[in-house]
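Asks: 3D model of this:
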Amino acid sequence: MTLNERSAGILLHPTSLPGPYGTGELGPEALRFVRFLQDAGQRLWQTLPLSPTGENGSPYSAYSAFAGNPLLVSTDRLIEDSLLEVSTSGNLDTPVNYPAVTAVKEERLREAFGRARSDRSFERFREEHRSWLQDYALYAALKDRFDGEPWNEWDGDVSRRKPGALARVRRELAEEVRFCEWVQYRFFRDWGEVKGAANRAGIEVIGDLPIFVAHDSADVWANQNLFFLDGSGEPTVVAGVPPDYFSETGQLWGNPLYRWERMAGDGYSWWVERMRMSLTLFDAVRIDHFRGLEAYWEVPAGEKTAANGHWMDGPKDDLFEALRSALGELPIIAEDLGDITPEVEALRDRLGLPGMKVLQFAWGSGPDNPYLPHNYGHDNWVVYTGTHDNDTAAGWLASASLQEMTSLRRYVGREYVSVGDLIRLAYSSVAARAVVPMQDVLSLGSEARTNTPGVAQGNWTWRMDKAAFTPDLATRLRVMAETYGRYDAVLEV
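Replies: Numbering: from 1, shown residues only. Next up is the predicted model:
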């Protein structure tokens, strides 16, 4: 199967899986979800970034663009490998409490590491991934030594990566570095099992690649020359988006910005390796904030809002030519939501990339709204009822304006509209791919929302109930997928 085939899928981040360990993991419940997808006639599983996060749990503010999240390492597989005793935490399917879960998980991982024995597969993993693993593992070990402080507040010679200082801390922290490497080994091993099971079931896994990286990350610390930083390691300019209809002051994200001319000078090697890793982890990748590769909003560091920024040219086709030269054709989805210019659309179309259509954006502005299914024009889209940044469909229906609901009711031809109607609109559309968040599959309300942009607390914590994986639900999804040509039992693996 390829991303161009007519198909259906579910958006669910692994931390939202059920299980007894305080957060979803890449163990039995992940494999159970794969079986559910197969039974439901789903050919796509879309996740959020799998990167290691801070205590707020945001996968879009990660310590590495290459490493995996230690929270996702399977506790059950550690028990199966006799590296842990059988244990339950009593946190079955509860929302994720990141500080508490992180503390418990680190203790368990350290206990398992203490019992582990070096083997050829671990040493082979270290060698195969050394281009990023050495820097990440040392960064993680140093972050622990410096009590979680960002890298530019560490000892000066270490933060500036003086060779002598790096050699010294590598010796001093050798065992801690090895522990961090081993955790990554377990993550990649567990994810390989899950992705392999998905692929054998005829399911493609779609990952997510945020365009920018966090300032406090192994990526920026190890590649300071590729970012706009001052002598103390602070960004001189940062990322955001300009004022618009939704915000009078714009959004100030604060990520450091790339020195694209320097990246171009070495053939965008950092981006090539980042994309290579992403396409190792996933079958396809959604580039978040794709428009920033055509032009991005640059804000001087120190500004309180994004209002005083300005547009700067991104790398455009040049980056993708380098990526394709190194990696071949790229199975990429362009996140092209928001205030998109004709230039961004032209770049997306020149590259032949599918864009996104979100049904929550389709209502209340007339029949020319580009998110209405009859305006798609061709099939090279991925249609969603909503994304991780939207309210759930049930929550949106409960709070939509009279104008939006009037438009929606007229479109579906009846007074009462349900979440199922929105899913049916997605499935029946011409878009080749239809992806529905798991919360919408379950018709859950706003209490199950994944993320509210601009709100600092309470995000990324939702977890589904283990009892939700019912045969009846799988059958209903499968019948709908068959009805709208998104699943053919003859193709089943």
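
Asks: P28: neighbouring residues, count only.
Replies: Look at P28: counted by other Cβ atoms under 10 Å, it has 14 neighbours. For glycine as for every other residue, the C-beta is placed from the backbone atoms N, C-alpha and C.

Asks: That one touches D76, doesn't it?
Replies: Yes - P28 is within contact range of D76, at 5.6 Å (criterion: Cβ atoms under 8 Å).

Asks: Walking through the stretch 251-400 of the chain, point out its strands one by one.
Replies: For the stretch 251-400 of the chain, the strands defined by DSSP state E, counting those that start in this stretch cover 251-256, 284-288, 295-300, 310-313, 332-334, 355-358, 381-384.

Asks: Would you convert those into a markdown table that also reports mean pLDDT, mean neighbour count and distance to G231?
Replies: Below are the strands of the stretch 251-400 of the chain laid out as a markdown table (pLDDT from 0 to 100; neighbours: other Cβ atoms under 10 Å; distance: least, Cβ to Cβ, whole Å):
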| stretch | mean pLDDT | mean neighbour count | distance to G231 |
| --- | --- | --- | --- |
| strand 251-256 | 94 | 20 | 14 |
| strand 284-288 | 98 | 22 | 31 |
| strand 295-300 | 97 | 19 | 17 |
| strand 310-313 | 97 | 11 | 22 |
| strand 332-334 | 98 | 25 | 36 |
| strand 355-358 | 98 | 20 | 40 |
| strand 381-384 | 98 | 26 | 44 |
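
Asks: what comes up buried for the longest helix seen in the chain?
Replies: Criterion DSSP state H: the longest helix present in the chain is helix 174-200. Neighbour-count burial for helix 174-200 flags 176-191, 193-195, 197-198 (criterion: 16 or more other Cβ atoms under 10 Å).

Asks: Tell me who's in contact with R32.
Replies: F469 (Cβ atoms under 8 Å, 6 or more residues apart in numbering).

Asks: On the pLDDT front, check it for me.
Replies: Listed pLDDT for R32 reads 97.

Asks: how far off helix 174-200 does the helix or strand where it lies point, in degrees?
Replies: According to DSSP states H and E, R32 maps onto helix 28-39. For helix 28-39 against helix 174-200, the angle by axes from the mean of the first three to the mean of the last three Cα atoms, to 10 degrees is 20 degrees.

Asks: packing partners for the following helix or strand past helix 28-39?
Replies: With elements assigned by DSSP H and E, the helix or strand that comes after helix 28-39 is strand 44-46. Under the contact definition 3 or more Cβ pairs under 8 Å, 6 or more residues apart in numbering; DSSP states H and E, strand 44-46 sits against strand 7-11, helix 28-39, strand 204-210, strand 433-437.

Asks: Dump these into JSON lines; add distance to S401 as well.
Replies: Shown next, in JSON lines, are those (distance: least, Cβ to Cβ, whole Å):
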{"stretch": "strand 7-11", "distance to S401": "25"}
{"stretch": "helix 28-39", "distance to S401": "34"}
{"stretch": "strand 204-210", "distance to S401": "30"}
{"stretch": "strand 433-437", "distance to S401": "22"}
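
Asks: Just say which of these is most tucked in.
Replies: Mean neighbour count (mean count of other Cβ atoms under 10 Å) peaks for strand 433-437 among these, with a mean of 27.

Asks: And what about the residue lying closest to F179 once chain neighbours are set aside, helix, strand or coil?
Replies: Closest residue in space to F179, ignoring its immediate chain neighbours: F113 at 5.1 Å, by Cβ to Cβ, 6 or more residues apart in numbering. State at F113, reduced to three classes by DSSP: H, G, I helix; E, B strand; the rest coil: helix.

Asks: Go ahead and confirm F113 touches V183.
Replies: Yes - using Cβ under 8 Å, F113 is in contact with V183, at 7.5 Å.

Asks: Enumerate every residue touching the closest residue to L26 other than its chain neighbours.
Replies: Sequence neighbours aside, D190 is the residue nearest to L26 in space, at 3.9 Å (criterion: Cβ to Cβ, 6+ apart). Counting by Cβ under 8 Å, 6+ apart, D190 touches E25, L26, G27, L72, V73, S74, R77.

Asks: The third one: neighbour count?
Replies: It refers to G27. 24.

Asks: The first one now?
Replies: E25 is surrounded by 26 other residues when neighbours are defined as other Cβ under 10 Å.

Asks: now it: how far from A198?
Replies: 16 Å (Cβ to Cβ, to the nearest Å).

Asks: Reformat the strands of the stretch 251-400 of the chain into a markdown table and put distance to R160 next to each item.
Replies: Converted to a markdown table, those look like this (distance: least, Cβ to Cβ, whole Å):
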| stretch | distance to R160 |
| --- | --- |
| strand 251-256 | 16 |
| strand 284-288 | 30 |
| strand 295-300 | 23 |
| strand 310-313 | 27 |
| strand 332-334 | 35 |
| strand 355-358 | 41 |
| strand 381-384 | 43 |
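
Asks: Out of those, flag the one nearest S64.
Replies: strand 251-256 (14.2 Å; Cβ to Cβ).

Asks: I'd like the mean pLDDT over the longest helix of the chain, please.
Replies: The model assigns helix 174-200 a mean pLDDT of 98.

Asks: Stretch 459-467 now?
Replies: Mean predicted lDDT for stretch 459-467 stands at 95.

Asks: Tell me the buried residues in it?
Replies: Those would be N459, W460, T461, W462, R463, M464, for stretch 459-467 by 16+ other Cβ under 10 Å.

Asks: got it, and stretch 395-414?
Replies: G395, W396, L397, A400, E404, S407, L408, Y411.

Asks: For A284, state which of these is nearest.
Replies: Nearest member of these to A284, counting by Cβ to Cβ, is W396, at 26.5 Å.
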